[in-house]
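Colleague: I need the structure of the sequence given here:
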Amino acid sequence: MRISTLLVLSSTLALIVSTAAQARPDTRQMSCLEARSVVQRAGGIVLSTGVRTYDRFVAGLQFCQPYERLMSRWVPTKDQKRCFIGYSCEPGYNSGEGPFGSDIFD
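Modeller: This is a model prediction of the structure:
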């Protein structure tokens, strides 16, 4: 019985530590400049933007798939309600639109 209790406790502890290690950086805890810098340094990163919201943000088109396009992203930060931190990759490049959202030749 002692071994099974020890096994359960160690498994629970491992799960708690694993969950804590997977916490995403939260844009609401950073200044606008800090959030933008995190995206630029990482190239592509998943950030929390609210209690239950998160998204992947990228520094440029090279961090997207060939069929994706860039969309400008604005998120809440500690010092601004709407801070431009970079882009997200959205489907649509092969739908007649250019890589930056809309065809420049329209």
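
Colleague: Give me the local confidence score for Val58.
Modeller: Confidence at Val58, expressed as pLDDT, is 98.

Colleague: Give the bridge partners for it, please.
Modeller: Gly44, Tyr87 (DSSP bridges).

Colleague: what's near enough to touch it?
Modeller: 39, 43-44, 64, 70, 86-89 (C-beta atoms under 8 Å, 6 or more residues apart in numbering). (C-beta placed from N, C-alpha, C; glycine too.)

Colleague: what about 10 Å?
Modeller: By C-beta atoms under 10 Å, 6 or more residues apart in numbering, the contact list for Val58 reads 39-40, 42-45, 64, 68, 70-71, 73, 86-89.

Colleague: what does Ala23 give?
Modeller: Ser48.

Colleague: State the distance from it to Cys32.
Modeller: Counting by C-beta to C-beta, to the nearest Å, the separation of Ala23 from Cys32 is 21 Å.

Colleague: returning to that earlier point: which among the contacts of Val58 count as buried?
Modeller: Those of those that meet the buried threshold are 39, 42, 44-45, 64, 68, 70, 73, 86-89, by 16 or more other C-beta atoms under 10 Å.

Colleague: Same list (the residues you listed) but as CSV, adding distance to Arg56 and pLDDT.
Modeller: Written out in CSV, the entries for those read as follows (distance: C-beta to C-beta, whole Å; pLDDT from 0 to 100):
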residue, distance to Arg56, pLDDT
Val39, 10, 98
Ala42, 10, 98
Gly44, 6, 98
Ile45, 7, 98
Cys64, 10, 97
Glu68, 11, 94
Leu70, 12, 96
Arg73, 10, 98
Gly86, 10, 98
Tyr87, 10, 98
Ser88, 6, 98
Cys89, 7, 97
